[in-house]
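Peer 1: Return a 3D structure for these sequence lines:
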Amino acid sequence: MSDRSASRLRRKPAIAIDLAETSPRWRERLPRRRALCVAAAGAAFAAARPRLTRRTEVSVVLADDALVRRLNRQWRRIDAATNVLSFPSLDQELPPKAPFLLGDVVLAYETVNREAQEQGKDLADHLRHLVVHGILHLLGYDHEEPGQAEQMEALETQVLARLGVDDPYAERQAVGHD
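Peer 2: Numbers count the residues shown, from 1 in each chain. Sure thing, here's the model as predicted:
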């Protein structure tokens, strides 16, 4: 095997992030939103180390509460906005060189902004946290059961630390230990 072939085999598959903006409020408040989303998604992907053998694509949608509420009602039967929704792509038969379509992460501006204010967090940090959270959902992580939640939150905290974002669960953990 040539050095070039061996190098190609050792490389991890890349993740490409397609950013769609359906709400202008993200642009108004976060001029670096694309860089924030790309860094957060890439860091989550790298930390989770999925066993993917091909280039992977994910879509991050910076939306508003109205769109997220409609999606939540349609797909989860919950008639309310939430901060982030993740929609994994359905299993698909792909041509050999086609990228794997991981899914979509959709964020609601008003909810994310309100949560950041209520929790005393920087909007950019909260956005990065929710992008990481959404990507981990697409990669199969969940938080329905306590053990799953601990594993997912620990990975989120680790990824966010690499991005320079404080542990989003620190206050809750401190309260729980008193």
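Peer 1: quick one, helices of this protein?
Peer 2: 3-10, 24-29, 33-48, 65-76, 109-118, 123-138, 146-162, 170-176 (DSSP state H).
Peer 1: between those, which gets nearest to residue 103?
Peer 2: helix 123-138 (4.4 Å; Cβ to Cβ). The way it works is simple: take the backbone N, C-alpha and C, and place the C-beta from them, glycine included.
Peer 1: Can you tell me what sits against the closest one?
Peer 2: When contacts are taken as Cβ atoms under 8 Å, 6 or more residues apart in numbering, the neighbours of helix 123-138 outside the stretch itself are 29-30, 32-33, 36-37, 39-41, 43-45, 48, 58, 60, 83-86, 88, 102-103, 105-107, 112-113, 115-116, 119, 152, 155-156, 159-160, 163, 165-166, 168.
Peer 1: hang on, the earlier thing: so which of the helices of the chain is nearest residue 95?
Peer 2: Shortest separation from residue 95 across the helices of the chain is recorded for helix 3-10, at 18.7 Å, computed as Cβ to Cβ.
Peer 1: Just give me the neighbour total for residue 147.
Peer 2: Using other Cβ atoms under 10 Å as the criterion, residue 147 is surrounded by 9 other residues.
Peer 1: Residue 154 versus that one, what's the distance?
Peer 2: Summarising the geometry, the distance separating residue 147 from residue 154, computed by Cβ to Cβ, to the nearest Å, is 11 Å.
Peer 1: before we move on, back to that, just the buried members of the contacts of helix 123-138?
Peer 2: When neighbours are counted using 16 or more other Cβ atoms under 10 Å, those contain these buried positions: 30, 33, 36-37, 39-41, 43-45, 48, 58, 60, 83-86, 102-103, 105-107, 112-113, 115-116, 152, 155-156, 159-160, 163, 165, 168.
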